[in-house]
Every structure is written in structure tokens, then in C-alpha cells.
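K.L.:
sequence unknown, structure follows:
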């Protein structure tokens, strides 16, 4: 259940909230999102009325992660989900776990004034040094963006490596050329120092991917990109929530995201193949703590009703 903030006197927009006037996110439907994910290298399939994506080898999630699914009616193709799958549970449907994510609701109320005093100070300082705008030239991402990616990957060591120049070029070009994507860049003196590849689908926007150059961290590029994302989402009709991803095993990563969202729990259904359960419990669960719940016996979810 998401607790929605209520309007207050502080909700009058500030100058920093109006830097992206006229911009909005194109909104993808489920079919378009599935095509987008496939075009950028993900393994996607449609089964029993739901589009699924492999987030790990043979482990599937719905492409529209926050859509609710009744496990009695839909699940991924067994051959594509040999390790397991997870989805949010529809009201009064089987559930056996909790999906914990950092999200922000009521995007229409977002303003810099909603942030903590310290975060407002950091963000205003970032916006003095950086200009955030849509990336208009693919060449920016292929050249300066590649340097940003290498620096970021070396620092965080998280996710699939695309350090090979050819692999990076193919991935970033495919993402940039999707018809309903808006790539955001943070520029310092007209040089790209950070970028984000967000997308909006159904009623939700997600950063999808963000990278910042280590040398630019002192300027706060991630703050400026998150703020731009939320401001553009606020002025996009139909968007209600921002998804900053599941809780992770990196407290510092979650700590930053919590400045812009809050920890929210969603009832879910998870199935893990018993043959891989020992490996799952030893290696996967500690790194992906959002895969919680016993995942063996389903109960009927009545709380969502």
C-alpha cells in the first residue's frame, strides 16, 4: 500500500521545478515496452496474456512489473522460467511473499520543497553546476557517454558489463533510437558527465539506467537527473508513480534513492525451482533481498482486496 502525500502550502512550484517546461515522457503500453526491452537485448516472451522478461538466466518478471497478476491464470512459459519467476499478486489471488521497492507516489505533488533541507541544498548546488536536458545527439552517448559508463562501471561493479566498445555502442544506440524514449543527460560546460535512460509505461516512470562519471560526483549529477525525471513525470498526464527499483544489498544505493522515494511493500507470488533452491538461498537471496517469502506454499491474498 502506497501512502500518498497530501497537498500542503509548500507545494507551490519553485524555479528549480520549472526548468523542463513543455517536456513530457511518451508512455508505452505493455506491448510497446516488451518490444523496447527486446530491442535493447532482453529476452522477452508473451505467455498466457502477460509479457515476461528474463532478468536473470531463466528467472522471469512481468515486463510491466507493477501490474498485478493472478497466478491461477497466468505464468511465464515453463521453458523460459526454469529457475523461477515472481509477480505482484492480484487481489484475492495466491501470494507467498513481499516485494519491497523504493517508489514515489502522487507525482503531481512533487516539488523540490518536498525534499529534506539538506537534499534541497545539494540539489540546488548541483543545478548551479550542471545543465540537465534531453540528449539530442547519439554521438554524445557514443563518445562522452562511453567514458561516463566506464567510470561508473569501474566504481560500482554492478550489472552486466558493456565495457567492450562494440557492445556498448550497440546497446546505447538501440536504447537511444527507440521511438518512445527520452534520454536525459547532465552536462558540465557542455560536456556529458552523467546520463539516464528512463522510460514511462502504463502509469509509472522508472530511471531504468543511470550512470555518472566519478570525477563529476562532487557536483551531484544523480540528484540533478532524479529531480529532472520527477519534474518531467509530474507534467506528464497519466503518470502516477516513479519506480526507483527494489531494495538492494547496497545500503548506500538505497539510502540515496530514499531521498526521492519511500520503501513500499507489495504482496507478491514467487516460485523457485526446488532443484536450484540451494543455490538460490546461498547466492541469490543475499544479493537480491526483494526475493523474499517462502516461495513454496501459496496463500490467498486478501489484503489487496
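P.N.:
Perfect, I can see it now. Quantities reported herein were computed from a predicted structural model and do not represent experimental measurements. Numbering: from 1, shown residues only.
K.L.:
quick one: low-confidence ranges for the stretch 1-150 of the chain?
P.N.:
1-11 (pLDDT under 70).
K.L.:
ranges for the strands of the stretch 101-250 of the chain?
P.N.:
131-134, 184-188, 191-196, 199-201, 204-206, 210-212, 241-246 (DSSP state E, counting those that start in this stretch).
K.L.:
for the second one, what is the distance to the chain centroid?
P.N.:
Pointing back at strand 184-188 there. 19 Å (C-alpha atoms, centre = their mean, to the nearest Å).
K.L.:
can I get the strands of the stretch 101-250 of the chain in a markdown table including distance to residue 36 and mean neighbour count?
P.N.:
In short, each C-beta sits where N, CA and C put it, glycine included. Output for those, formatted as a markdown table (distance: least, C-beta to C-beta, whole Å; neighbours: other C-beta atoms under 10 Å):
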| stretch | distance to residue 36 | mean neighbour count |
| --- | --- | --- |
| strand 131-134 | 17 | 16 |
| strand 184-188 | 16 | 23 |
| strand 191-196 | 15 | 24 |
| strand 199-201 | 7 | 25 |
| strand 204-206 | 12 | 23 |
| strand 210-212 | 17 | 22 |
| strand 241-246 | 16 | 20 |
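K.L.:
as CSV, those strands with distance to residue 53 would be great.
P.N.:
Shown next, in CSV, are the strands of the stretch 101-250 of the chain (distance: least, C-beta to C-beta, whole Å):
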stretch, distance to residue 53
strand 131-134, 26
strand 184-188, 23
strand 191-196, 20
strand 199-201, 12
strand 204-206, 13
strand 210-212, 19
strand 241-246, 14
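K.L.:
any idea which of these gets closest to residue 103?
P.N.:
strand 241-246 (5.4 Å; C-beta to C-beta).
K.L.:
given the closest one, what are its sheet partners and their directions?
P.N.:
strand 97-105 (antiparallel), strand 204-206 (parallel) (DSSP bridges).
K.L.:
I'd like the average pLDDT over the longest strand along the chain.
P.N.:
Taking DSSP state E as the criterion, the chain has its longest strand at strand 262-272. Per-residue pLDDT over strand 262-272 has a mean of 94.
K.L.:
spell out which strands sit alongside it in the sheet and which way each one runs.
P.N.:
With DSSP bridges as the test, strand 262-272 pairs up with strand 84-89 (antiparallel), strand 97-105 (antiparallel).
K.L.:
pick the most deeply packed of the ones you listed.
P.N.:
Highest mean neighbour count of those: strand 84-89, a mean of 25 (counted as mean count of other C-beta atoms under 10 Å).
K.L.:
domain assignment for the chain?
P.N.:
Split into domains by automatic domain parsing, the chain comes to 13-25+103-263, 29-100+265-300.
K.L.:
pull the distance from the first one to the chain's centre.
P.N.:
Remark: domain 13-25+103-263 is offset 10 Å from the chain centroid, using C-alpha atoms, centre = their mean.
K.L.:
got the end-to-end distance for it?
P.N.:
With C-alpha to C-alpha, to the nearest Å as the measure, domain 13-25+103-263 spans 25 Å from end to end.
K.L.:
which residues are in contact with residue 87?
P.N.:
50, 61, 62, 68, 69, 71, 268, 269 (C-beta atoms under 8 Å, 6 or more residues apart in numbering).
K.L.:
10 Å instead, please
P.N.:
Residue 87 makes contact with 50, 52, 60-62, 64-71, 74-76, 93, 95, 99, 268-271, according to C-beta atoms under 10 Å, 6 or more residues apart in numbering.
K.L.:
once you drop chain neighbours, what's closest to it?
P.N.:
residue 69 (4.3 Å; C-beta to C-beta, 6 or more residues apart in numbering).
K.L.:
the one you found and residue 88 touch, don't they?
P.N.:
Yes. Between residue 69 and residue 88 there is a contact at 6.7 Å, judged by C-beta atoms under 10 Å.
K.L.:
what touches both of those two?
P.N.:
62, 268, 269.
K.L.:
out of those, who has the most neighbours?
P.N.:
Within those, residue 269 tops the neighbour count with 27 neighbours, counted by other C-beta atoms under 10 Å.
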